[in-house]
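*Asks:* Prediction below, plus the sequence it came from.
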Amino acid sequence: MLTASTGYLILLFFGVFFTSLTIIMQRRRKTEMTAEQFSTAGRSVGVGLASASIIAAWTWAATLMMSSSTGFQYGISGPYWYAAGACIQVLLFAIVAIHLKRKAPKAHTFLEFIGKRFDKKNHKLMMVFALMTNIIVTAMVILGGAIALNSLTGMNIYVAAFLIPLTFTIYTMIGGLKASFIADYLNTVMIFVILTIFATVVYMKFGVTTVYEGLRALPESQQMLTMASIPGLLFGMINIIGNFGTVFVDQSYWQRAIASKDSAASKAYIYGGIAWFSIPFAIATFLGVTAAGLGLNIGDPDASAPLMAAHLLGTVGSILFLVMLFMAVMSTGAAELTAITNIIVTDIYRKSINPTASSKQTLKISRIVTLSFGLAMGVFSILLFNIGIGLGFVYMAMGIFVSGAVIPLTLGLLWKRATNEGCFYGALLGMISGVTVWLTYAYVTYGSISVESLGQLHSMLFGNITVFLVSGLISVGHALMSKEEFDFEAMKDQFKSFDEEQEELKTAQERKVV
Ligand SMILES: NC(N)=O
């Protein structure tokens, strides 16, 4: 096992490296950073950088650890269900990305679009869903990082949960979205390099036959060696629904569409989604399934990946896994922080508190929000840990809380007949009924409401499915019954960049003086 000082050194090294890189890039900039730049990276990001950034943002701690847990528990179907069940959303997002670029070319957040497409209550409700998504995902990646640091280095889990967000908060606060894109690019390259090392070593050291024979010898071998594994399939369904929420309701992905050049936006999601598939699929197969096949004595399946990495390459394996995990945590953390910042600044501060804020004021508020949320997220992940909620539980439950907004939101963007009331009540009642079915099923079937009964595959599945069915039925049903039609063309010119708003304000003030 590594020592806690190795953990501190890794955190210090990457924190200092990415912060220094951002400061150097800031110094080399020819123009001064504006609030618009901080928020949108100039809307000129090319397809390569945007794809890498989508891959990095979508590679969570769970992508490495939870995926391996499914391989360890459900066998060869687990990695497939994890990877396939979480990449279709990114591929489909290519469609909504292009629609947002066409219908709201100067928007900063998807909520800004919702605010003009629907009414105030819808804007507020979607904001709650969006912030809840960001908070759940950030807490989940910090929790995953802290668990891995603790299990591989013995570092105190509370200290780890406070230090991890610091590493990405500082460079995000300085450089905004563009800085997080550059870090994402480097992180994606590192993740693929380390993944290739693990895959090659497993193949050379153990080969396919040893793992196959090991899986065949397990009591649950029927399930481990078939794609027709029932638990694998149930997990796959939960995975699909939950990840619709964490892509479509997460400002991070809208942010990447907004920051991309028009010609790059949809391609980036297709390339990013396809390339991302290989990360959980390979890691979960080479670490999770192999750990089961080799009969490793692992108490917590969520820890199968780091323990297998250590088994494979000793200290080097642990360090490589920690570096890969840390790359994933930093990128997702930075993406979520920029998303939260953009929502707070665009949809609360500039919309309701200070609509005439100058670029300087907006930039200052953006940095304060980034720092505050970065620090607060450590506390939230510790809270989850303290009430006994682990990575797997949050991962499977996230859809129940956030996926109710997916269908209403998508309809609002793509379908002129989608109605304000249908989308509002669809999202709200979808979530309420999902939570109700989840709790009721756990109570009726397992006799109590506890982390254990709520964490069962069937409780999670029925909760998730209910959310999708109810939100879809209400939002589509109400649209079909009403005769409303929305005029997207008329709304297009209502979106302004922060710089344009500033110019208009200046012109208006000059006119007043004259
Ligand atoms: N990003 C996910 N679902 O691993």
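*Replies:* Received, thanks. Numbering: from 1, shown residues only.
*Asks:* and the next element down the chain from the helix or strand encompassing Leu322?
*Replies:* Leu322 is part of helix 304-342 when elements are defined by DSSP states H and E. Sequence-wise, the next helix or strand downstream of helix 304-342 (DSSP H and E) is helix 359-386.
*Asks:* And that next one, what does it pack against?
*Replies:* helix 35-40, helix 120-153, helix 157-205, helix 304-342, helix 498-513 (3 or more Cβ pairs under 8 Å, 6 or more residues apart in numbering; DSSP states H and E). C-beta: built from backbone N, CA, C; applies to glycine.
*Asks:* Show me which residues of the stretch 51-200 of the chain sit near the ligand.
*Replies:* Taking Cβ under 6 Å from any ligand atom as the contact definition, the stretch 51-200 of the chain meets the ligand at Trp58, Trp60, Ala62, Thr63, Ala86.
*Asks:* What residues does the chain have near the ligand?
*Replies:* Contacts of the chain with the ligand, taken as Cβ under 6 Å from any ligand atom, map to Trp58, Trp60, Ala62, Thr63, Ala86, Asn243.
*Asks:* correct me, but the fourth one touches Ala328?
*Replies:* Translated: Thr63. Yes: the criterion here is Cβ atoms under 8 Å, and Thr63 meets it with Ala328 at 6.4 Å.
*Asks:* give me the residue from the stretch 251-400 of the chain nearest the ligand.
*Replies:* Pro280 (6.1 Å; Cβ to the nearest ligand atom).
*Asks:* Just give the nearest non-adjacent residue to that residue, would you?
*Replies:* Nearest non-adjacent residue to Pro280, counting by Cβ to Cβ, 6 or more residues apart in numbering: Ser67, 3.7 Å away.
*Asks:* Give me the neighbour count for the one you found.
*Replies:* Close neighbours of Ser67, defined as other Cβ atoms under 10 Å, add up to 30.
*Asks:* Give me the neighbour count for Asn150.
*Replies:* The local packing of Asn150 (other Cβ under 10 Å) involves 20 other residues.
*Asks:* ugh, wrong one, Ile283
*Replies:* The number of residues near Ile283, taken as other Cβ under 10 Å, comes to 30.
*Asks:* contacting residues around it?
*Replies:* Contact analysis of Ile283 by Cβ atoms under 8 Å, 6 or more residues apart in numbering lists Thr63, Leu64, Ser67, Ser68, Pro79, Leu195, Phe198, Ala305.
*Asks:* Check Ile240 too.
*Replies:* So, once contact is read as Cβ under 8 Å, 6+ apart, Ile240 ends up touching Gly85, Ala86, Ile88, Gln89.
*Asks:* and those as TSV, adding neighbour count?
*Replies:* Listed next are the contacts of Ile240 as TSV, based on neighbours: other Cβ atoms under 10 Å:
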residue	neighbour count
Gly85	21
Ala86	28
Ile88	15
Gln89	23
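*Asks:* related to what we said a few turns ago, mind listing what the residue of the stretch 251-400 of the chain closest to the ligand touches?
*Replies:* Here Pro280 is in contact with Thr63, Leu64, Ser67, Pro79, Tyr82, Ala83, Ala86 (Cβ under 8 Å, 6+ apart).
*Asks:* Kindly report the same for Ala61.
*Replies:* For Ala61, the contact set (Cβ under 8 Å, 6+ apart) comprises Met140, Val141, Leu143, Gly144, Gly145, Ile147, Ala148, Leu325, Ala328, Val329, Thr332, Leu391.
*Asks:* Kindly indicate which of the contacts of Ile240 lies nearest Ser450.
*Replies:* Among the contacts of Ile240, Gly85 lies closest to Ser450 (Cβ to Cβ), at 26.3 Å.
*Asks:* how far off helix 120-153 does whichever helix or strand Leu233 is part of point, in degrees?
*Replies:* Under the criterion of DSSP H and E, Leu233 resides in helix 230-248. Going by axes from the mean of the first three to the mean of the last three Cα atoms, to 10 degrees, helix 230-248 is angled at 120 degrees with respect to helix 120-153.
*Asks:* Buried residues, helix 230-248. List them.
*Replies:* Using 16 or more other Cβ atoms under 10 Å as the test for burial, helix 230-248 gives 231-232, 234-248.
*Asks:* repeat for stretch 42-59
*Replies:* 43, 45, 47, 49-59.
*Asks:* Next: stretch 94-114.
*Replies:* Buried residues in stretch 94-114, counted by 16+ other Cβ under 10 Å: 94, 96-101, 103-104, 106-114.
*Asks:* Show me those residues that map onto helices.
*Replies:* Taking DSSP state H, the ones among the buried residues of stretch 94-114 that sit in helices are 94, 96-101, 103, 110-114.
*Asks:* other SSEs contacting the lowest-mean-pLDDT helix or strand in the chain?
*Replies:* The weakest-scoring helix or strand in the chain, judged by mean pLDDT, DSSP states H and E, is helix 498-513 (a mean of 77). Applying 3+ Cβ pairs under 8 Å, 6+ apart, we find helix 498-513 packed against helix 35-40, helix 359-386.
*Asks:* and the least confident of the residues of the chain next to the ligand?
*Replies:* Within the set of these, pLDDT is lowest for Ala62 (90).
*Asks:* Please name the nearest non-neighbouring residue to it.
*Replies:* Tyr395 (5.1 Å).
*Asks:* does the one you found count as helix, strand or coil?
*Replies:* Put simply, Tyr395 is helix when judged by DSSP: H, G, I helix; E, B strand; the rest coil.
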